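Visitor: Sharing a model that was predicted from the sequence below.
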Amino acid sequence: NDGLYLFVRGIDNKIYLNRLSGPGWSGWSGIPGGGLTLDAPAAVVLQSTLYLFVRGGDNRIYDNLLAQAGWSGWAEVGGGMTLSGPVAAVFGGELWIFVRRINSVVSQNRLITGGWTGWSEVTGDHLTSSKP
């Protein structure tokens with residue numbers, strides 16, 4: 001409820017934020033904690049917390065949460081490597097992320113009470129060459 005957040009990957013592969021609130025944009029600023037990404041970031045809000053996801057330089061997925069206390073810092077969403085940046089959505093009151101794994105299948109991971117469920121293939125026999 002405090003504005004519209006826009007995230008981009010800069011030409012230096014760092015993540016930047018610009019927030020629209022009230023009269024205009026805040027201006028671009030780097031996300032605290034550093035880190036580099038190979039793809040565009042994904043962001044979603046669940047229960048007053050903004051979740052930001054990226055594919056790190058090591059082809060693993062990381063998140064950084066923004067709540068009232070500020071940014072949490074980057075943490076790996078465990079479970080292996082990916083060939084694409086993440087896509088995030090809230091469905092049924094749960095946070096879901098999707099990626100193209102190294103075997104070219106689309107995989108999902110859900111955040112539930114207690115943590116992430118772990119990566120599992122989205123059912124259906126289909127390979128992809130792109131981000132979901």
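Guide: Structure received. Just so you know, these numbers come straight off a predicted model, no measurement behind them. Numbers count the residues shown, from 1 in each chain.
Visitor: residues contacting the residue at minimal distance from the centre of the chain?
Guide: Geometric centre of the chain, nearest residue: F53, 1.6 Å, by Cα atoms, centre = their mean. Contact analysis of F53 by Cβ atoms under 8 Å, 6 or more residues apart in numbering lists 41-43, 61-63, 77, 85-86, 88, 97. No exception for glycine: its C-beta is placed from N, CA and C like everyone else's.
Visitor: tell me which residues in stretch 10-25 are buried?
Guide: The neighbour-count check on stretch 10-25 (16 or more other Cβ atoms under 10 Å) flags 15-17, 19 as buried.
Visitor: pull the CA atoms of that stretch into PDB?
Guide: Presented in PDB, the C-alpha positions along stretch 10-25 are these (Å, rounded to 0.1, in the frame of the first residue of the first chain):
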ATOM      1  CA  GLY A  10      20.800  -3.100 -14.900                       C
ATOM      2  CA  ILE A  11      23.500  -3.400 -17.600                       C
ATOM      3  CA  ASP A  12      25.900  -4.200 -14.800                       C
ATOM      4  CA  ASN A  13      23.600  -7.300 -13.900                       C
ATOM      5  CA  LYS A  14      22.700  -5.700 -10.500                       C
ATOM      6  CA  ILE A  15      19.000  -5.300  -9.400                       C
ATOM      7  CA  TYR A  16      17.600  -1.800  -9.300                       C
ATOM      8  CA  LEU A  17      14.300  -0.500  -7.800                       C
ATOM      9  CA  ASN A  18      12.200   2.600  -8.700                       C
ATOM     10  CA  ARG A  19       9.000   3.300  -6.600                       C
ATOM     11  CA  LEU A  20       6.000   5.300  -7.700                       C
ATOM     12  CA  SER A  21       4.300   6.900  -4.800                       C
ATOM     13  CA  GLY A  22       2.300  10.100  -4.500                       C
ATOM     14  CA  PRO A  23       3.700  12.800  -6.900                       C
ATOM     15  CA  GLY A  24       6.200  10.700  -8.800                       C
ATOM     16  CA  TRP A  25       9.000   8.200  -9.100                       C
END
